[in-house]
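Undergrad: my questions concern the predicted model and sequence given below.
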Amino acid sequence: MQSDLTLILSTPPGRLREAQETQLPIAHMAYRIGGGPHLFRSSLPVAPRGGLMALDDRGFDGRGDPGPFCREVVQECAARQFSGVLCDLEGGYTAALSRLLERLGQVCVQQGLTCYVPEIFGEKVPSARVLLSSALSGGTLAQRLEEAAGRFGRERVVLAVERASMDFSLPSPSGTGTELNRRELAELRARLSPAVFFSTELCAQYFTYTSRRSGTHFVLFDDAASIRRKLAVARRHGVRFALMAYPQVDDLLEDILR
């Protein structure tokens, strides 16, 4: 099952000009759900136009009627010619946030806007597209996409690509590791010159090394080739949209899109 895949770049205001040069759709990371709730907007060096409004939930206090907030969102989308709202939230599930997103999803349908929500809210907002993280704790990406298609419907699934760069001490019963920034990963590879392998199940590159102090380590990371593989798996499983954070992939994007 092959599909065309539209890539969306979530982009902070300060990186907008360079992200626009890619000519990919932009989700503008300039908005948040504030107390009340009300819509808050960061200062914008460049007025956004077109693409999506990207919302985070910093400052959301769970109080108030979502109705006025939803009207603020609709007004801003009309003023900026946004085609939808990307709810790129980090606070986890709460009943109050679920109620707000349910109302927002209903309003978006009424206004002809597309709504995107995290996986944990997928059942609560049946009209929305569902953001499915590419990060895996087990199984394969193909299995994860098929399970999501069964839960939500294939046409609703959006692959949210998260660039992996983690160092795990083995054994790792918790499944958590230490995140490496680009410089740390590059220095580690330069120092060790390890043999790098590709995990078909995880769609990521990896290598191992041994430290006298901390024992055996497993390093999992993404490069342009592994991200292209993730997108190829998504295409094969009928996924039509994928989201990438521009600051995460700015150094790889040209190679990803080739």
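TA: Nice, thanks for sending it over.
Undergrad: tally of neighbours for Val161?
TA: Using other C-beta atoms under 10 Å, Val161 has 23 other residues around it. (C-beta placed from N, C-alpha, C; glycine too.)
Undergrad: which regions of the stretch 51-200 of the chain lie under the pLDDT threshold?
TA: Regions of the stretch 51-200 of the chain meeting the criterion pLDDT under 70 cover residues 173.
Undergrad: can you give me the helices for it?
TA: Counting by DSSP state H, counting those that start in this stretch, the stretch 51-200 of the chain has helices at residues 66-80, 95-111, 141-152, 182-192.
Undergrad: list the buried residues for the third one?
TA: Meaning helix 141-152. Neighbour counts using 16 or more other C-beta atoms under 10 Å place Leu141, Arg144, Leu145, Ala148, Ala149, Phe152 of helix 141-152 among the buried residues.
Undergrad: leaving out sequence neighbours, find the closest residue to the fifth one.
TA: Leaving aside its chain neighbours, Ala149 sits nearest to Val157 (5.8 Å; criterion: C-beta to C-beta, 6 or more residues apart in numbering).
Undergrad: list the contacts for that neighbour?
TA: Arg129, Val130, Leu132, Leu145, Ala148, Ala149, Val239 (C-beta atoms under 8 Å, 6 or more residues apart in numbering).
Undergrad: repeat that with 7 Å
TA: When contacts are counted by C-beta atoms under 7 Å, 6 or more residues apart in numbering, Val157 is found next to Val130, Leu132, Leu145, Ala148, Ala149, Val239.
Undergrad: relative to Ser134, how far out is the residue positioned nearest the centre of the chain?
TA: Central residue of the chain (C-alpha atoms, centre = their mean): Ala160, 3.7 Å from the mean position. Per C-beta to C-beta, to the nearest Å, Ala160 is found 7 Å from Ser134.
Undergrad: same deal with Gly92?
TA: 19 Å.
Undergrad: would you mind telling me which of those two has the busier surroundings?
TA: A count of neighbours by other C-beta under 10 Å puts Ser134 above the other of Gly92 and Ser134, at 26 against 9.
Undergrad: mind listing the strands for this structure?
TA: Taking DSSP state E as the criterion, the chain carries its strands at 6-11, 26-34, 38-41, 52-56, 84-87, 114-118, 129-133, 157-161, 165-169, 178-179, 197-199, 204-211, 215-221, 241-245.
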